[in-house]
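Sequence unavailable; structure follows:
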């Protein structure tokens, strides 16, 4: 957020001494109170949050034609009380200017990459020692009077500030297929609690049994190597809007394996040829009527190693219904990769296949929520060869042939 | 085969997209600019994350462009590039 951001105090709370405000993250050292740095939260840092508001407030409410660039919102900090910490900033809320009831809360952890960026700079300059802990807090950095350079972090009265946020220029509405969601619900083969917009849960996601099996197969393929390596692919299918309810949902129909990738036991790097092949396939699919709505919806990959470097299960493991020590999780590298690849794509999905401490296969499915990738549910459906595209559209697009 | 743009005068026009294909934009740069500076400019225009290093890949050859060399030496007018993060998946932490 730059300093020229408009300041609003819409709740009739006068903040006469604050002339300008910018969202910032303040880092303190292991000894709390020693300020290490104050890092500005930029417009680009807020793109994913704004896109999530876009999805919740527009795309899932029958307004899938609204461009992200046209989303205007107010950002306000959210404070909470805690016995130990007292009053603290728990995160921020984005509220769309229109419709006014569209708002989403983002915990401060959703901006942990801003703190990590600042910490990295401190490490490089030697101001922070490797392995040292640091803490971060979110607040408005404010000028006290116009023209005065001195700035204060979260000064009294800044809680009431709202600053204007908008979607990035040029970001258009996604291409969606019109498909009745009940058509998918009738084909669920594995029960799942499908979220609804009213509950504030993530948007519904369906995955065909064949795509699910393929995602696991390509992700675990690297387990057969010596030593095992990470392998995976991209989840592909249409993003849909129900013409009856206005709800948006994703349907994963296929998985494109990441071939020619650079793989090690603990990493998977898509190479130039990997991306070239995927892009060629996607262009070919989008040129065909039956698959013209296909897009890259997410990624799957395997952590083909046992957790904790193969340490034996804990002594209580056999008493637990599920072993909680697992390699099926999104690492910080995974999260960074997904944030880069799926920037401003709040429908993004991730699935990680791994092993528990007893070397049994486990999986973890993720979607964006509160600005971060969080565990979520999905529904497995039968084949969708005859997915009824574009029924109910006023434009009367013809049904494509079956795939 | 089209000629490489003249470094002194002409702007090198090309298009760039992100890896998922949800953004595609036209660009024009002075050919003498380094690929690194052009990449930063494209990432900024596309509002891509700032804590990731980005690189450009020529869709025609699938090769990543040399970041230190001028863009005009590596790309032809009308080319299409994909801006790609220098990042990897991995369960190392």
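Ah, there it is. All of these numbers come straight from a predicted model, not from anything done at the bench. Numbers count the residues shown, from 1 in each chain, chains lettered A, B, ... in the order given.

who does the helix or strand harbouring residue A:234 touch, helix- and strand-wise?
According to DSSP states H and E, residue A:234 maps onto strand A:232-241. Using 3 or more Cβ pairs under 8 Å, 6 or more residues apart in numbering or on different chains; DSSP states H and E, the elements in contact with strand A:232-241 are strand A:177-178, helix A:209-220, strand A:248-252, strand A:254-257, helix A:272-286, strand A:294-302. In short, each C-beta sits where N, CA and C put it, glycine included.

where does chain B come near chain A, residue by residue?
Residues of chain B lying close to chain A (Cβ under 8 Å from any Cβ of the partner chain) are B:18-23, B:25, B:44-52, B:57, B:59, B:62-64, B:82, B:84-85, B:87-93.

Each with direction, which strands does the strand holding residue A:234 pair with?
strand A:177-178 (parallel), strand A:248-252 (antiparallel), strand A:254-257 (antiparallel), strand A:294-302 (antiparallel) (DSSP bridges).

chain center to the third one: distance?
Computed by Cα atoms, centre = their mean, to the nearest Å, the chain-centroid distance of strand A:254-257 equals 20 Å.

how far away is the residue in the stretch 51-200 of chain A that chain B sits nearest to from residue B:49?
Among the residues of the stretch 51-200 of chain A, residue A:168 lies nearest to chain B; the distance is 3.5 Å by Cβ to the nearest Cβ. Distance, residue A:168 to residue B:49, by Cβ to Cβ, to the nearest Å: 12 Å.

Also residue B:66?
In terms of Cβ to Cβ, residue B:66 sits 23 Å off from residue B:49.

How about residue A:124?
Relative to residue B:49, and taking Cβ to Cβ, residue A:124 is found at 19 Å.

ok, the two, which is more surrounded?
Using other Cβ atoms under 10 Å in any protein chain shown, the more surrounded residue of residue A:124 and residue B:49 is residue B:49, with 21 against 9.

dump the residue contacts of that one.
A:44, A:45, A:47, A:113, A:339, A:340, A:343, B:85 (Cβ atoms under 8 Å, 6 or more residues apart in numbering or on different chains).

what's the answer for residue A:369, then?
A:52, A:202, A:376.

In strands, which of the residues you listed appear?
Using DSSP state E, no member of these sits in strands.

Save the residues you listed as JSON lines, and put in distance to chain B too.
Formatted as JSON lines, the contacts of residue A:369 follow (distance: Cβ to the nearest Cβ, whole Å):
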{"residue": "A:52", "distance to chain B": "15"}
{"residue": "A:202", "distance to chain B": "19"}
{"residue": "A:376", "distance to chain B": "19"}
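
Of those, which is the nearest to residue A:35?
Comparing the contacts of residue A:369 against residue A:35 with Cβ to Cβ places residue A:52 closest, at 30.2 Å.

nearest spatial neighbour of the closest one, skipping sequence neighbours?
In this structure, residue A:52 finds its nearest non-sequential neighbour in residue A:346, 4.5 Å apart by Cβ to Cβ, 6 or more residues apart in numbering or on different chains.

where do the strands sit along the stretch 51-200 of chain A?
With DSSP state E, counting those that start in this stretch as the criterion, the stretch 51-200 of chain A has strands at A:72-82, A:86-96, A:103-107, A:135-143, A:151-153, A:162-166, A:177-178, A:188-190.

Mean pLDDT and mean neighbour count for the ones you listed - can I get that in TSV?
Converted to TSV, the strands of the stretch 51-200 of chain A look like this (pLDDT from 0 to 100; neighbours: other Cβ atoms under 10 Å in any protein chain shown):
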stretch	mean pLDDT	mean neighbour count
strand A:72-82	93	16
strand A:86-96	93	18
strand A:103-107	95	19
strand A:135-143	89	21
strand A:151-153	78	16
strand A:162-166	92	19
strand A:177-178	93	20
strand A:188-190	88	12
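
right, and these - which one's nearest residue A:296?
Nearest of the strands of the stretch 51-200 of chain A (Cβ to Cβ): strand A:177-178, 15.1 Å.

Tell me the one among the contacts of residue A:369 nearest to residue A:232.
For the contacts of residue A:369, the nearest to residue A:232 is residue A:376 (18.6 Å; Cβ to Cβ).

Surely that closest one touches residue A:367?
Yes. Judged on Cβ atoms under 8 Å, residue A:376 makes contact with residue A:367 at a distance of 4.2 Å.

contacting residues for residue 29?
Just going to use chain A. Residue A:29 neighbours (Cβ under 8 Å, 6+ apart): A:36, A:128, A:132, A:133, A:134, A:135.

actually it's chain B I care about, not the one you picked
By Cβ under 8 Å, 6+ apart, the neighbours of residue B:29 are B:11, B:12, B:38, B:41, B:71.

For the last one, give me its contacts.
It stands for residue B:71. B:12, B:29, B:31, B:33, B:34, B:35, B:38, B:65.

what's the answer for the third one, then?
The neighbourhood of residue B:38, defined by Cβ under 8 Å, 6+ apart, consists of B:27, B:29, B:56, B:71.

Is it in a helix, a strand, or coil?
helix (DSSP: H, G, I helix; E, B strand; the rest coil).

How about residue B:13, nearest residue that isn't a chain neighbour?
Nearest one to residue B:13, counting by Cβ to Cβ, 6+ apart, is residue B:28 at 4.6 Å.

Pairing partners for the strand or helix carrying the one you found, with directions?
Here residue B:28, judged by DSSP H and E, is contained in strand B:24-29. Pairing partners of strand B:24-29, with direction, according to DSSP bridges: strand B:12-18 (antiparallel).

Now the partner strand: buried residues?
B:12, B:14, B:16, B:17, B:18 (16 or more other Cβ atoms under 10 Å in any protein chain shown).

Switch the strands of the stretch 51-200 of chain A over to JSON lines; also include distance to residue A:246.
Below are the strands of the stretch 51-200 of chain A laid out as JSON lines (distance: least, Cβ to Cβ, whole Å):
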{"stretch": "strand A:72-82", "distance to residue A:246": "20"}
{"stretch": "strand A:86-96", "distance to residue A:246": "16"}
{"stretch": "strand A:103-107", "distance to residue A:246": "18"}
{"stretch": "strand A:135-143", "distance to residue A:246": "33"}
{"stretch": "strand A:151-153", "distance to residue A:246": "42"}
{"stretch": "strand A:162-166", "distance to residue A:246": "23"}
{"stretch": "strand A:177-178", "distance to residue A:246": "11"}
{"stretch": "strand A:188-190", "distance to residue A:246": "20"}
